[in-house]
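1. Give me a model of this one.
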Amino acid sequence: MIIPVDSIDLSEYSISELIRLRDRVTEMIPTSDLEDIDLQKELVTAFYNGKEILENAKYDDGVPLSQKASAINSIVASLKALSDAQKALFNIERQRRLENCLAKALEQFPELHDEFFEYYEQELEP
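-> Sure, this is the predicted structure:
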């Protein structure tokens, strides 16, 4: 049975009951934290959904041309976002490899190694 949300009198619940109720509701709500979302997976899904919508509408004369164009624009936007994500991932991986090579090279010069990482840590601080 579904009860209209606004008809529930929450004032009758204790604090601990309200907290338990909030926790149950929170479990049902999708995350709002960006780091919990697999952006690449979501972009790929959006891309394939857009392609499917376009394929279904492509030869349907009942679908206005503006809606077909909108589907194409969505696909193009998804491809651009995927391309940007791939470039960013490539740059991150390249940066990581460069940092590893630099750290290995600096191991041969302990005095430079320590000084470099002091400067590096200072630069990374917000």
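2. Now for the residue in the chain sticking out farthest from the centre: which residues touch it?
-> In the chain, counting by CA atoms, centre = their mean, residue 111 sits farthest out from the average C-alpha position, at 40.7 Å. Counting by CB atoms under 8 Å, 6 or more residues apart in numbering, residue 111 touches no other residue. Every residue, glycine included, has its C-beta placed from N, CA and C.
3. how much space is there between it and residue 118?
-> To residue 118, residue 111 is 11 Å away according to CB to CB, to the nearest Å.
4. hey, where'd the helices end up in the chain?
-> Assigned helices in the chain, in chain order: 15-28, 39-58, 65-106, 110-124 (criterion: DSSP state H).
5. Now the spatially most central residue of the chain: closest residue in space, sequence neighbours ignored.
-> For the chain, the residue nearest the mean C-alpha position is residue 39 (3.4 Å; CA atoms, centre = their mean). Nearest non-adjacent residue to residue 39, counting by CB to CB, 6 or more residues apart in numbering: residue 85, 6.6 Å away.
6. Now do the same contact list for the one you found.
-> Listed by CB under 8 Å, 6+ apart, the contact partners of residue 85 are 39, 40, 43.
7. Count the residues that sit near the second one.
-> Other residues within reach of residue 40, judged by other CB atoms under 10 Å, total 13.
8. now swap in residue 82 and tell me
-> 16.
9. same deal with the one 5 residues further on?
-> A total of 10 residues lie near residue 87 under the criterion other CB under 10 Å.
10. Kindly provide the distance from it to residue 77.
-> 16 Å.
11. Same question for residue 15.
-> 46 Å.
12. In terms of neighbours, single out the busier of those two.
-> residue 77 (14 against 7).
13. I figured residue 21 hits residue 15, correct?
-> No: look at residue 21 against residue 15 with CB atoms under 8 Å: they stay out of range, at 10.6 Å.
14. Cheers, nothing more for now.
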